[in-house]
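Peer 1: show me how the following folds:
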Amino acid sequence: MKTNGVVNGAFETTRLDVPRTEDENVSILWKNIHYKVNDWSSFTNNKKVILHSVSGYFKSGTLNAILGSSGTGKTTLLNILSGSQGCSSGGGRLAANSKIYVQPKWATSYFIAQHVHENLIGELTIRTILQYAFAFKNGSSARRLAASHIAQTMSTLLLPEKLLDQPFCRCSGGEQRRIAIAQELMALTAPNFLFLDEPTTGLDSVSAYETMRCLQQLAKRQHITVISSIHAPNQETLFLFDQLYVLAKSLDGGVCIFTGPPSYIRPFLESNLPTAITDTKSPPIETLIKIACNGNGKLTK
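Peer 2: Numbering: from 1, shown residues only. Down below sits the predicted model:
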């Protein structure tokens, strides 16, 4: 894959010069992401590796998941890809040969933190929250477009119009998550990327599925690359994703042990570790996550 320019330390966007093949839709590609933080646990300034030379890519208009057990570096990778975690910030440092390529060059992105819905004022109605967000993102000159844009966004996120005059605190957990997403989508121009940190945490399986289904529709309809870290989706929710990126713990930090569509997990395990898939009735993703927790970053039971 040819690239136009290389950026050390990532975070500056460079345009991908992708050939006219199936890879033409690649919107973000990362190579050798190696991230260390200061480790003072033993009262010496040692470096702890969080991510160990991970590489991958996602395509435009797709819903993508970064999976793995706790401590594998899911949120760190999400923060690095979104640019919200700099190459030298918070006591951490990104290796000089770590690179990120983004298409288009001047891409826009929104990052939705895990607990952002807890920061919204519960007594405000949904209409008021979204009107304030719309005014902030578009200015007063676009005020006449607010009502139609709010209605369209509510429809895309499967939020009934009757919710608009309801206080935020009286909405269900799943509705609150989707309202927080709607707030970020109030700009008239859709972003190129939407990053979400564990948007289904704390939700029941039905609400989690509904939230991810809305994000799937959003990715397809508005051609947004949606990238979400997620902890333990059920089988139905898992198959909403176009691409999975599974991280595992190793002695040298988080490493990628699988990337591809959900339907590829079973043949991947059958090819690389056949006894694991035949010895259990668990869904393939559960088997893969258990393997990811074995601590050596390798496909062994």
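
Peer 1: quick one: the residue nearest the centre of the chain from S140, how far?
Peer 2: By CA atoms, centre = their mean, the chain has its centre lying nearest to S228, at 2.0 Å. Remark: distance between S228 and S140 (CB to CB, to the nearest Å) = 33 Å. Every residue, glycine included, has its C-beta placed from N, CA and C.

Peer 1: on that earlier part again, tell me what the residue nearest to the centre of the chain is bridged to.
Peer 2: Note on S228: beta-bridge partners by DSSP bridges are A65, L196.

Peer 1: which pLDDT value belongs to it?
Peer 2: In this model, S228 is scored at 96, pLDDT.

Peer 1: G174 now?
Peer 2: Among the per-residue scores, G174 shows a pLDDT of 89.

Peer 1: my guess is it contacts M212. True?
Peer 2: No: using CB atoms under 8 Å, G174 makes no contact with M212, being 10.4 Å away.

Peer 1: in this protein, mark out all the helices, start to finish.
Peer 2: 74-82, 126-138, 146-156, 173-184, 205-222, 235-238, 265-272, 274-278, 284-292 (DSSP state H).

Peer 1: those: lowest mean pLDDT?
Peer 2: Taking the mean pLDDT of these, helix 274-278 comes last: a mean of 64.

Peer 1: so which of the helices of the chain is nearest K59?
Peer 2: helix 205-222 (10.0 Å; CB to CB).

Peer 1: can you name the residues in contact with the closest one?
Peer 2: 61-63, 156-158, 172-174, 177-178, 181, 185, 190, 194, 196, 199-200, 203, 224-226, 228, 233-234, 236-237, 240-242 (CB atoms under 8 Å, 6 or more residues apart in numbering).

Peer 1: list the contacts of the residue nearest to the centre of the chain.
Peer 2: S228 sits next to L63, N64, A65, I66, L78, F195, L196, D197, E198, P199, M212, L215 when contact means CB under 8 Å, 6+ apart.

Peer 1: how about the residue nearest to the fifth one when sequence neighbours are not counted, what does it touch?
Peer 2: This points to L78. Counting by CB to CB, 6 or more residues apart in numbering, L78 lies nearest to S229, which is 4.9 Å off, once chain neighbours are set aside. Listed by CB under 8 Å, 6+ apart, the contact partners of S229 are A65, I66, L67, K74, T75, L77, L78, L196, D197, E198.

Peer 1: now do C171
Peer 2: Counting by CB under 8 Å, 6+ apart, C171 has contacts I126, L163, I179.

Peer 1: what's the burial count for the residue lying closest to V49 once chain neighbours are set aside?
Peer 2: Spatial nearest neighbour of V49, excluding adjacent residues (CB to CB, 6+ apart): G253 at 3.3 Å. Applying other CB atoms under 10 Å, we find 22 residues neighbouring G253.

Peer 1: now swap in the one 4 residues further on and tell me
Peer 2: For I257, the tally of surrounding residues (other CB under 10 Å) stands at 22.

Peer 1: with the one 3 residues further on instead?
Peer 2: For G260, the count of nearby residues is 14 (other CB under 10 Å).

Peer 1: list the contacts of it.
Peer 2: Per CB under 8 Å, 6+ apart, neighbours of G260: Q243, L244, F268.

Peer 1: thinking the second one is in contact with P262, fair?
Peer 2: Yes: using CB under 8 Å, L244 and P262 qualify as a contacting pair, with a distance of 5.9 Å.

Peer 1: joint contacts of those two?
Peer 2: L238, I285.

Peer 1: give me the number of neighbouring residues for Q152.
Peer 2: By other CB under 10 Å, neighbour count at Q152 equals 12.

Peer 1: swap in A151?
Peer 2: Neighbour count of A151, defined by other CB under 10 Å: 13.

Peer 1: A65 reaches F239, doesn't it?
Peer 2: No: A65 lies out of contact with F239 (CB under 8 Å); the separation is 10.8 Å.

Peer 1: more neighbours: which of those two?
Peer 2: A65 (25 against 13).

Peer 1: would you mind measuring from that one to L247?
Peer 2: In terms of CB to CB, A65 sits 11 Å off from L247.

Peer 1: what's the answer for R266, then?
Peer 2: Taken as CB to CB, the span from R266 to L247 is 19 Å.

Peer 1: of these two, who's got more company?
Peer 2: In this view R266 and L247 are compared by other CB under 10 Å, and L247 has more residues nearby, 28 against 15.

Peer 1: alright, calling it a day.
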